[in-house]
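Chemist: Provided below are the primary sequence and the corresponding predicted coordinates.
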Amino acid sequence: MFFVMTDERTTQGMYFALSAYLFWGIVPIYFKWIDHVSPWEILAQRSIWALVLLICILTYTGDLKELRVSVARLPTLFLTAMLLMINWLVFIYAIVNQNITETSLGYFINPLVSVFLAVIFLKERLRPLQWIAMIVAGTGIAIQLILFGRIPWLALGLAFSFGFYGLLRKNLGLHAIAGLAIETMIVAPFALAYIAWIAYRQTMVFGNDIEIDLLLMLGGFVTSFPLLCFAAAVTRLPLTVIGMFQYIAPTMTLIIAVLVYNEEFGIDRLVTFSCIWIALLLFTVEAWVHHKHQAPAPSNNSA
């Protein structure tokens, strides 16, 4: 019975993880629907409606108490809130300016950036194959700069903002939903002030078209739904398994960018993406081999 329950729980976790990453993969389509709205207004509206929905979820689940945090944590939470808003703004800006491909590259780079930051700030040591992977990834960026004269600023902005966000959130030990709710609460006064300002200047899009209003309000669901699925997945699956799902979203985003929105995918991007994919493959294989060698040998005793 125990093994059946474990298998069912694992299966549920995989469904939740798949739902989260598939949803994140198609999110660019939502932002393309409202690409005529200023990225700043989209960000402000998304923050407010996400907060409303998150508070409703916490009320329903009886987890409002998780919003209580010590004063000592507030400076770090302020930084994580700002980093998250930067990440959201860069993501929205890239999509509304026909750069969905760059967002895909950013989230392919993100795991490598997280490892790089762990080496710099947490003094973690890389094994030889991991160093090779990092060098390959860096080569991809360098080739784009040297041969093609451009740096993928949007991709790097996404990767580093989320990398630093994860680094700071790592040791806070916050409830997944409550943590995001606190961060949006920190941002809410700024968002409301901006909304009031554009309303005063009569440049606000919200309030003029019911269809657009509903789409902007949908931003709360777009933010919260995949997070809920992800939170449910991490309680049912090991992080090593979760990690295998994380490439679904940027892969889908790249496919959508090229096949649906006809974004350019020239030789410069092909070279960079190829280097990143090789680096990620090296990381994945190395991690699998290392984990296999570290795993305890099965016992020969039979019950």
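Modeler: That came in fine, so what should we check first? As the structure is a computational prediction, the values presented were derived from the model and not from experiment.

Chemist: Helices of the chain, start to end?
Modeler: Residue ranges of the helices in the chain, as given by DSSP state H, are 2-33, 39-61, 74-96, 100-121, 128-148, 153-169, 176-200, 210-217, 219-234, 239-245, 248-255, 267-294.

Chemist: can you tell me which of those the model trusts least?
Modeler: Mean pLDDT is lowest for helix 239-245 among the helices of the chain, at a mean of 68.

Chemist: Just the CA atoms from stretch 217-236 would do, formatted as CSV, please.
Modeler: Taking Å, rounded to 0.1, in the frame of the first residue of the first chain, the C-alpha atoms of stretch 217-236 are listed here in CSV:
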residue,chain,number,x,y,z
MET,A,217,-7.0,41.5,-14.4
LEU,A,218,-6.2,38.0,-15.7
GLY,A,219,-2.5,38.9,-14.9
GLY,A,220,-3.2,37.8,-11.3
PHE,A,221,-4.2,34.3,-12.5
VAL,A,222,-1.3,34.2,-14.9
THR,A,223,1.1,34.9,-12.0
SER,A,224,-0.5,32.7,-9.4
PHE,A,225,-1.7,29.5,-11.2
PRO,A,226,1.8,28.2,-12.3
LEU,A,227,3.2,29.1,-8.9
LEU,A,228,0.5,27.0,-7.1
CYS,A,229,1.2,24.1,-9.4
PHE,A,230,4.9,24.4,-8.8
ALA,A,231,4.5,24.6,-5.1
ALA,A,232,2.4,21.4,-5.2
ALA,A,233,5.0,19.7,-7.4
VAL,A,234,8.0,20.5,-5.0
THR,A,235,6.2,18.8,-2.1
ARG,A,236,5.8,15.6,-4.1
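
Chemist: buried ones in stretch 272-283?
Modeler: The neighbour-count check on stretch 272-283 (16 or more other Cβ atoms under 10 Å) flags 272-273, 275-280, 282-283 as buried. Backbone N, C-alpha and C define where each C-beta goes, glycine included.

Chemist: what do you get for stretch 220-227?
Modeler: 220, 222-224, 226-227.

Chemist: Widest-spaced pair of those residues?
Modeler: Pairwise distances across the buried residues of stretch 220-227 peak at 12.3 Å for G220 and P226 (criterion: Cβ to Cβ).
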